[in-house]
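In: got a sequence here, can you build the structure:
(2 chains)
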Amino acid sequence: MILISDNIYTYLILSVFLLIAGIYGLIQHKTFIGMLVSTELILNGAGINFMAFNRFLVPDPATGQVVTLFIMGIAAAEAAIVVSFIIAVFRKYHSIDPEDVIELQG
Amino acid sequence: MISLLKTEWIPAPAQVRDFSAKHLGESFLYQYCLAFELISVILLIAIVGAIILAREGRENKGDPSE
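Out: Below is the predicted model of the structure:
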């Protein structure tokens, strides 16, 4: 019997699904919060990919874990930046709808 | 997606199944020391930048309590 959790394709397909969902959310962009969540989805898809390759294909098991933790750190920094950016945009435009922030559109 | 399913993934010949936190911490401190320090600098810059971005426009709002 083949376990579904012992198969690399499970994790690769899951990460592809996360990437597609994140890109779809970024294209749809209803709110800035939704775009932030979509970016987190993309980064976590990359993390799952790293962990899958690390678990099945790489001799040293620490490499993928280290890279995944770095990805989590980058995601945390990015979340802090985006939340403060949302606060600044709300102070200036009194809205967090991306359709309202069109001052650079010419 | 198709290339993902078509690729023949070759497993590692001799895999060290040591997923312990001790091994992870040692590789953080020896092998990935520079990246570990750089990520702390990046987090510091992100926090400072977030504070600066969020504080901007707070004084010239005309708030009498400030």
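
In: which residue, neighbours along the chain excluded, lies closest to A:Ala80?
Out: Nearest non-adjacent residue to A:Ala80, counting by C-beta to C-beta, 6 or more residues apart in numbering or on different chains: B:Ala50, 4.4 Å away. C-beta: built from backbone N, CA, C; applies to glycine.

In: quick one: contacts for the one you found?
Out: Residues in contact with B:Ala50, defined by C-beta atoms under 8 Å, 6 or more residues apart in numbering or on different chains, are A:80-81, A:83-84.

In: only whichever of the residues you listed are buried, select them in ChimeraX.
Out: Entered in ChimeraX, the line below selects the buried ones among these, by 16 or more other C-beta atoms under 10 Å in any protein chain shown:
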select /A:80,81,83,84
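
In: tell me the one of the contacts of B:Ala50 nearest A:Phe32?
Out: A:Val83 (9.0 Å; C-beta to C-beta).

In: could I get the buried residue list for whichever helix or strand the closest one is part of?
Out: According to DSSP states H and E, A:Val83 maps onto helix A:62-93. Buried residues in helix A:62-93, counted by 16+ other C-beta under 10 Å: A:62-71, A:73-89.

In: same thing with stretch A:11-19?
Out: In stretch A:11-19, counting by 16+ other C-beta under 10 Å, buried: A:11-12, A:15, A:18-19.

In: stretch B:6-20: end-to-end distance?
Out: For stretch B:6-20, the first and last residues are 33 Å from each other (C-alpha to C-alpha, to the nearest Å).

In: what is the rounded mean pLDDT of that stretch?
Out: Summarised as a single mean, pLDDT over stretch B:6-20 is 72.

In: go on, stretch B:34-54?
Out: Regarding stretch B:34-54, the rounded mean pLDDT is 91.

In: tell me if I'm right that A:Asn44 and A:Phe17 touch.
Out: No. With contacts counted by C-beta atoms under 8 Å, A:Asn44 stays clear of A:Phe17, the gap being 11.2 Å.
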